[in-house]
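**Q** Next come a sequence and a model predicted from it.
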Amino acid sequence: MDLVFLSKYYKFFISGTGITLFISFFGVILGVVLGVLLSLMKMSKKPILRMPSVAYIEIVRGTPLLVQLFIIYIGLPKVTGIPFPDISLAIIAVAFNSAAYVAEIIRAGIQSIDKGQMEAARSLGMPHSMAMRFIIIPQAFKNILPALGNEFIVLVKESAIVSVIGIHDLMYNADTVRGISFKPFAPLIIVAIIYFVITFSLSKLVNMLERRLSAGDSSI
């Protein structure tokens, strides 16, 4: 495979990688924040909180990210009247999609904590919200760290879909290089390698963090 074109077009891959990581990072951060809120709403005993959360999670998980991306890209500026930058719309779409999956991960993590922990906290006079914030959720996050890490890895790969709305991410720039270099195949191999390096590195980082947390638990 002729890789001479890399010396001329390598900046496309570097800038595209930066945009991909930027969208994925802020997408998963916002997704976690929204996911925590959705998971708490879904576990609420109040239907007015539980039902919207259930509906949101089921709808988002039951529709393709591509459809959600176009709905937000076209609909959000029209509904709000605000001319959002394209990259902001991409982050919002990715975050809203990720939030539905993160909510289920967090809900499972919270429900995995022994109910006696909450009962003990309440018996000490802690309100339910304080007990969730300082006792339950920190333990749940430790349990669900591998699943959250996997969600971030999946998000990095799925973020390639934002190229369809003109975001100059890794995939978009690879298509640009394919067009101007008249090499339809080689740029795709480079992109595949870059994605693999990113996801493999993230996987190792998550495993390392998980081992450190496990070591901290065993030393107590």
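**A** Yep, that arrived.

**Q** Helix, strand or coil: sort out the residue nearest to the spatial centre of the chain for me.
**A** The chain has Val28 as the residue nearest its centroid, 3.1 Å off, counting by CA atoms, centre = their mean. What DSSP: H, G, I helix; E, B strand; the rest coil gives for Val28 is helix.

**Q** contacting residues for it?
**A** 95, 98, 102, 148, 151-152, 155 (CB atoms under 8 Å, 6 or more residues apart in numbering). Where C-beta positions appear, they are placed from N, C-alpha and C, glycine not excepted.

**Q** Farthest pair within those?
**A** Ala95 and Leu148 (14.0 Å; CB to CB).

**Q** Name the helix or strand of this protein that has the lowest mean pLDDT.
**A** Within the chain, confidence by mean pLDDT, DSSP states H and E is lowest for helix 128-131 among all helices and strands, at a mean of 80.

**Q** and that one, how far from the chain's centre?
**A** 26 Å (CA atoms, centre = their mean, to the nearest Å).

**Q** Go through it and flag the buried ones.
**A** Ala131 (16 or more other CB atoms under 10 Å).

**Q** State the mean pLDDT of the helix or strand that that helix is followed by.
**A** Sequence order places helix 137-158 as the next helix or strand after helix 128-131, per DSSP states H and E. In this model, helix 137-158 has an average pLDDT of 85.

**Q** do the same with stretch 187-207
**A** The model assigns stretch 187-207 a mean pLDDT of 92.

**Q** what's the answer for stretch 74-93, then?
**A** Mean predicted lDDT for stretch 74-93 stands at 93.

**Q** Just the CA atoms of that stretch, as CSV, please.
**A** The C-alpha trace of stretch 74-93 is given here as CSV (Å, rounded to 0.1, in the frame of the first residue of the first chain):
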residue,chain,number,x,y,z
ILE,A,74,-32.3,20.5,11.6
GLY,A,75,-34.9,20.8,14.3
LEU,A,76,-33.1,22.4,17.3
PRO,A,77,-32.1,25.7,15.5
LYS,A,78,-35.7,26.0,14.1
VAL,A,79,-37.4,25.4,17.5
THR,A,80,-35.1,27.6,19.5
GLY,A,81,-34.2,30.2,16.8
ILE,A,82,-30.6,30.0,17.9
PRO,A,83,-28.0,29.5,15.1
PHE,A,84,-26.0,26.8,16.9
PRO,A,85,-22.5,26.0,15.5
ASP,A,86,-22.5,22.6,13.7
ILE,A,87,-20.0,21.1,16.2
SER,A,88,-22.3,22.1,19.1
LEU,A,89,-25.2,20.3,17.5
ALA,A,90,-23.1,17.2,16.9
ILE,A,91,-22.1,17.2,20.6
ILE,A,92,-25.7,17.6,21.7
ALA,A,93,-26.8,14.8,19.5
